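> Curious how this folds, go ahead:
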Amino acid sequence: MPDASPDHSVDLLERLAHDLRGPLSPLQTAAYLLRRDDVDPQRQKELLEIIDRQTSRLSGMVQEVSDWMRARKARLVGTKEPLGVPMLVELVCATRPAVSVDLPESLDEANVLGDAQRLTQMLGTLLDWAQALDPQGTITLRASRDGEVLSLRLAAPPVEGGMVQLDGLFRMPQAVPFDEGLGMRLLIAREIATAHGGEITGEGGTDGTTVVVRLPLDE
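Numbering: from 1, shown residues only. Here you go, the predicted model:
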């Protein structure tokens, strides 16, 4: 986890205070305008959509803080049970049509021992981040087996402007979050992998970016 010194904690709290004001301002404005009698129905609909979008964003921020604190207390992962690799991939990719999956038959009966909700959250976060690099592109998820280890490689196409900076990506909060959140989702994903005895690494180049998740198989 990032440095937990007092100075770092103060910096983090200052950032939280700043970022949490982001969704509050449009929420307050929308609520104020909805009280007016001269707001037409179309404008009311637009304002309600703003409220829905910003409350969802605020809820996600609060969830990040909650997960972050759970990770610091080693309480992020719950009960671990055998979870089939095909099921894990299906749970994550079912709602993400822009993901191309390569799952070999050798993993049809393979399991990982873990918290299904957290593992799904971890992979979903990584896929969402990769998709944000190129919203129109296709992410490739390739699963493979190396002895008793499951490897999941998430390959994103090249992005305009050059290579993605991977240094510190899974060690420090993102200065510019990919999802308008607090920038801690990738750190939380790393903590989920670590709590399952695994790891997340990144590989970048001019031909694209690949994130590799390694998890022990349950035999």
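> In this protein, mark out all the strands, start to finish.
With DSSP state E as the criterion, the chain has strands at 81-84, 99-102, 111-114, 139-146, 149-156, 199-205, 208-216.
> Would you single out the least confident of those?
Lowest mean pLDDT of these: strand 199-205, a mean of 83.
> helices and strands around that one, which ones?
In terms of contacts (3 or more CB pairs under 8 Å, 6 or more residues apart in numbering; DSSP states H and E), strand 199-205 is packed against helix 185-195, strand 208-216. To be clear about C-beta, it is placed using only N, CA and C from the backbone, and glycine gets the same treatment.
> which residues touch stretch 61-76?
Stretch 61-76 is contacted by residues 1, 4, 16, 19-20, 23, 118, 181-182, 184-185, 187-188, 191-192, 195 when judged by CB atoms under 8 Å, 6 or more residues apart in numbering.
> ignore the last one, stretch 21-37
Contacts to stretch 21-37, defined as CB under 8 Å, 6+ apart, come from residues 39, 43-44, 47-48, 50-51, 54-55, 57-58, 61, 180.
> same thing but 6 Å
V39, L47, I50, I51, Q54, R57, L58 (CB atoms under 6 Å, 6 or more residues apart in numbering).
> measure the third one to L34 for me?
Distance, I50 to L34, by CB to CB, to the nearest Å: 10 Å.
> And V176, by the same measure?
In terms of CB to CB, V176 sits 31 Å off from L34.
> same thing with T201?
In terms of CB to CB, T201 sits 48 Å off from L34.
> quick one: contacts for the residue at minimal distance from the centre of the chain?
Taking CA atoms, centre = their mean, the centroid of the chain lies closest to T125, which sits 2.2 Å from it. Going by CB under 6 Å, 6+ apart, T125 touches R185, A189.
> Start the count at 38 instead of 1 going forward.
Happy to do that; since the first residue is 38 now, the last one works out to T162.
> Can you tell me which of the helices and strands packed on strand 236-242 is packed in deepest?
Among these, helix 222-232 has the highest mean neighbour count (mean count of other CB atoms under 10 Å), at a mean of 23.
> what residues does that helix touch?
Residues from elsewhere that reach helix 222-232, judged by CB under 6 Å, 6+ apart: D104, A108, L113, V114, R155, M159, T162, L163, F207, E236, I237.
> Count the neighbours of the nearest residue to P210 once chain neighbours are set aside for me.
Using CB to CB, 6 or more residues apart in numbering and skipping the chain neighbours, the partner closest in space to P210 is G220 (4.0 Å). Per other CB atoms under 10 Å, the neighbour tally for G220 reads 19.
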